[in-house]
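>>> Got a sequence here, can you model it:
(2 chains)
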Amino acid sequence: MRGRAIVFPYTPRMHNTNGESRPAAPVIEVEGLAKSYRVFDKPEGLVASVKSLFHRSSRVVEALKGVSLTVGRGDFVALLGPNGAGKTTFLKLLSGIITPTQGTARVLGHVPWERADDFRRRFALVMGQRNQLWWDLPAAESFRLHREIYRIEPARFERTRDELVDLLGVKKLVLQPVRDLSLGERMKLELVAALLHEPEVLFLDEPTIGLDVVAQHALHRFLAHIQAERQMTIVLTTHYMKDVAALCRRAIVITDGSILYDGSLDQIVDRFTTHKIVTLDLDDTPAADEFARLGFPCEIRGPQVTLRIDRQRIADVLPEILRGRQVRDVSVEDVPLEEIVAQLFRSGAGQAPRMQEARA
Amino acid sequence: MSRAAASLFPGLRAWWTMLVISLEERLAYRGDFILGTAMRFLPIVTQVFLWTAVFAATTRSDIAGYSRTDIVAYYLLTMVTRAFSSMPGLAGGIARSVRDGSIKKYLVQPVDYVSFLLAARIAHKLVYYAIAIIPFAAVFFVCRGYFPPVPDAATIAAFVVSLMLSFLLGFFMEATLGMLGFWFLEVSSIIFAYMLVQYLLSGHMFPLDMLAAIPTGLAGVSVADLVRWLPFEYTAYFPAAVWLGKIRGADLVRSLLIEAAWVAVMALACRIAWWRGTRRYSAFGG
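Numbers count the residues shown, from 1 in each chain, chains lettered A, B, ... in the order given. I've put the predicted structure just below:
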């Protein structure tokens, strides 16, 4: 399975005050990590349901099939993948909620599923809607509880809390019962709660899910700032390419329990796109076959024409297209990241002729 | 200072904060409490009517050593002991947090779930007493004629100790029950079965002295003798019987020791269930 993964050499860097870069000791080391579950099939129909009282049929689902990677201090890594790809399973393993079927992992030098208090004081996990905040109380009370269970020194606690609350602009919200807050507001306060003990490693599971664009933006700004300031190691899972583009230099694509791609975001575009998108704004609506004869997929919408052109050929083809035409505007763009990743997901699921091509 | 001692103090502080915060949370629901407390007195009214009818139909002045007034006093006292030992929502709440995954929080954070539950439950009880004291005091004042004279200091002390232990016993029994949620998706029928046995054998339904007349078949051993070795009677019958002076001297000391032993056993069972349960959860679910 692992043979399929395309891994680009990725050297974690740490920027110190001199501005030099040097390799940092890995904070997360994962080797051959696999997790399978036994799931029981729930049969349909009354007769089958009664039968299942005596004999339940089960099957084994391999949620993760041998994942290996390292993450250095201060890295900001995105885990991408379709639903059920194993992203959340991976985060649960790294935060010690579940034990693997196979393989090893070390986070901050600890085996996560041993759940040592020393380890648990040094990381945080924010899992979407699963709240660490007390529902009926103001967030300030949950913060106070965190001060005690993480044993944060009072002065330091106040400083950190005020800083986080300021950065996220939630000062007014900390004294309201959490149940009265909106999803976005709750998410911000969840983050404050998770960061109070200044964790060295932060795991975020779908932090922007269900948030509006403004809230997503605010969250991105906050995460980027806090990560740079504290040199925190962050691993986040997401569906949204915007999260990745805004925050992470390194993206790991997981499909079907295996790593399909591990490398920088730019390289995804370089490696996995075979063409660029050329958009022309013309004076008049062109004839339907006028562009078709060029042999590229094209779409005509009124006076606007969109062509997908091979990257190698674009320099030759473009002058030809422009020659002798009244062109108001022209743009040449990469295929949107969403589309590339969607393609990666699909190819991963269906064992991928495209991928083989791209590897060559 | 040793490492263990050094970590004990912040541990206690964290525990205290958990208690205070749980207290605040409970206070958000005080209206619910007032109604709940008032409703608790309803069943006892029917019990009093029932036993009044029983005594009217017999020429005996007492049944198993209980006169009509003793019976009323007994039921009122079991209400007090149940106020300590009953744990509404504890087992179900634990099982639910396993099912909906909110238990994860306690795997990720450096906090002990059982200690947390205990703090929350103490807070829960304190809020309950603060409110329930008013109706309790009123009922006991109205019914003061049913009670024998106030017992001596030693008996009162034994009563208080038995109540504290009954709180811990009830807590650890129900917490252990709730942790079965790690093994079974649905524990409500198990909880229901437990409640039935509990109702019958704890003395909540009738004074357990009445079981003394029922032989087990073994030479000279009655059902009451057997029940004495089970944990249930310590959550209702025992403290009430202590106050009424039914258990004295060496018997009293022995029963207190049995109660304490059950607390220790159930606390251990709870720990083991948590330890094995989370291991299972990590391996199969999560």
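
>>> First-to-last residue distance for stretch B:138-148?
In stretch B:138-148, first residue to last residue: 18 Å (C-alpha to C-alpha, to the nearest Å).

>>> and it, what's its mean pLDDT?
What stretch B:138-148 shows for mean pLDDT is 89.

>>> Can you list the helices and strands that the longest helix along chain A packs against?
Secondary structure assigned by DSSP state H gives helix A:213-230 as the longest helix of chain A. Counting contacts by 3 or more C-beta pairs under 8 Å, 6 or more residues apart in numbering or on different chains; DSSP states H and E, helix A:213-230 packs against helix A:154-168, helix A:183-195, helix A:241-247. Every residue, glycine included, has its C-beta placed from N, CA and C.

>>> now check the next helix or strand after the second one, is it near chain B?
When you say that, I think you mean helix A:183-195. The helix or strand immediately downstream of helix A:183-195 is strand A:201-205, counting by DSSP states H and E. No: Strand A:201-205 lies apart from chain B when judged by C-beta under 8 Å from any C-beta of the partner chain; the minimum separation is 9.1 Å.

>>> ok, residues contacting strand A:201-205?
For strand A:201-205, contacts defined as C-beta atoms under 8 Å, 6 or more residues apart in numbering or on different chains pick out A:27-28, A:87-88, A:91, A:94-95, A:107-108, A:122-128, A:194-195, A:223, A:232-237.

>>> Can you list the low-confidence ranges for chain B?
Residues of chain B that meet the criterion pLDDT under 70 lie in B:1-8, B:29-34, B:36-38, B:285-286.

>>> Check the stretch 101-250 of chain A too.
A:128-130.

>>> Within range of chain B, give me the residues from it.
Near chain B, when you scan the stretch 101-250 of chain A using C-beta under 8 Å from any C-beta, you find A:113, A:115, A:117, A:120-121, A:124-125, A:127, A:130, A:132, A:134, A:136-137, A:141-142, A:144-145, A:147-151, A:177.

>>> Spell out which parts of chain B neighbour chain A.
So far as C-beta under 8 Å from any C-beta goes, chain B lies against chain A at B:10, B:13-14, B:16-18, B:21, B:24-25, B:28-29, B:101-102, B:104-105, B:107-111, B:279, B:281-286.

>>> just checking, what's the longest helix in chain B?
Chain B, longest helix under DSSP H: helix B:249-284.

>>> Enumerate every residue touching the spatially most central residue of chain B.
Residue closest to the average C-alpha location in chain B (C-alpha atoms, centre = their mean): B:S85, at 1.5 Å. B:S85 makes contacts with B:166-167, B:169-170, B:202, B:234-236, as judged by C-beta under 8 Å, 6+ apart.

>>> and of those residues, the nearest to A:L64?
Checking these against A:L64 by C-beta to C-beta gives B:G170 as the nearest, at 42.0 Å.

>>> So what does A:F40 have for phi and psi?
phi -100, psi 130 (degrees, to the nearest 10).

>>> A:N83 now?
Per degrees, to the nearest 10, the backbone of A:N83 is at phi -60, psi 140.

>>> From B:M173, how far out is B:A193?
Relative to B:M173, B:A193 is positioned 13 Å away (C-beta to C-beta, to the nearest Å).

>>> Please disregard the earlier target; I meant A:T279.
Taken as C-beta to C-beta, the span from A:T279 to B:M173 is 71 Å.

>>> more neighbours, the two?
Using other C-beta atoms under 10 Å in any protein chain shown as the criterion, A:T279 and B:M173 rank with B:M173 on top: 27 against 14.

>>> Shouldn't that one be within a strand?
No: looking at B:M173 with DSSP: H, G, I helix; E, B strand; the rest coil, it is helix, so not inside a strand.

>>> residue contacts, the closest residue to it other than its chain neighbours?
Nearest residue to B:M173, sequence neighbours excluded (C-beta to C-beta, 6 or more residues apart in numbering or on different chains): B:M266, at 5.2 Å. Residues near B:M266 by C-beta under 8 Å, 6+ apart: B:169, B:172-173, B:176, B:231.

>>> hey, which of the helices and strands packed on helix A:213-230 is tucked in deepest?
Stretch with highest mean neighbour count among those: helix A:183-195 (a mean of 22; mean count of other C-beta atoms under 10 Å in any protein chain shown).

>>> helices or strands up against that helix?
strand A:123-127, helix A:139-149, helix A:154-168, helix A:213-230.

>>> Sitting in helices, which of the residues of chain B next to chain A do you find?
B:10, B:13-14, B:16-18, B:21, B:24-25, B:104-105, B:107-108, B:279, B:281-284.

>>> Could you list the low-confidence segments of the stretch 251-360 of chain A?
For the stretch 251-360 of chain A (pLDDT under 70), the answer is A:348-360.

>>> Can you list the neighbours in contact with whatever helix or strand comes next after the longest helix of chain A?
For helix A:213-230, the following helix or strand on the C-terminal side (DSSP H and E) is strand A:233-238. For strand A:233-238, the external contacting residues (C-beta under 8 Å, 6+ apart) are A:27-28, A:71-81, A:87-88, A:90-91, A:94, A:200-208, A:223, A:227, A:243-244, A:247-248.

>>> okay but A:L337 is in contact with A:A246, surely?
No: checked against C-beta atoms under 8 Å, the pair A:L337 and A:A246 is beyond contact range at 11.2 Å.

>>> Could you check which helix or strand contains the residue lying closest to A:V305 once chain neighbours are set aside?
Among residues not flanking A:V305 along the chain, A:L280 sits closest, at 4.6 Å (C-beta to C-beta, 6+ apart). A:L280 belongs to strand A:275-282 when assigned by DSSP H and E.

>>> Point out the other helices and strands that that strand packs with.
Using 3+ C-beta pairs under 8 Å, 6+ apart: strand A:275-282 touches strand A:304-310, helix A:314-322, strand A:327-334.
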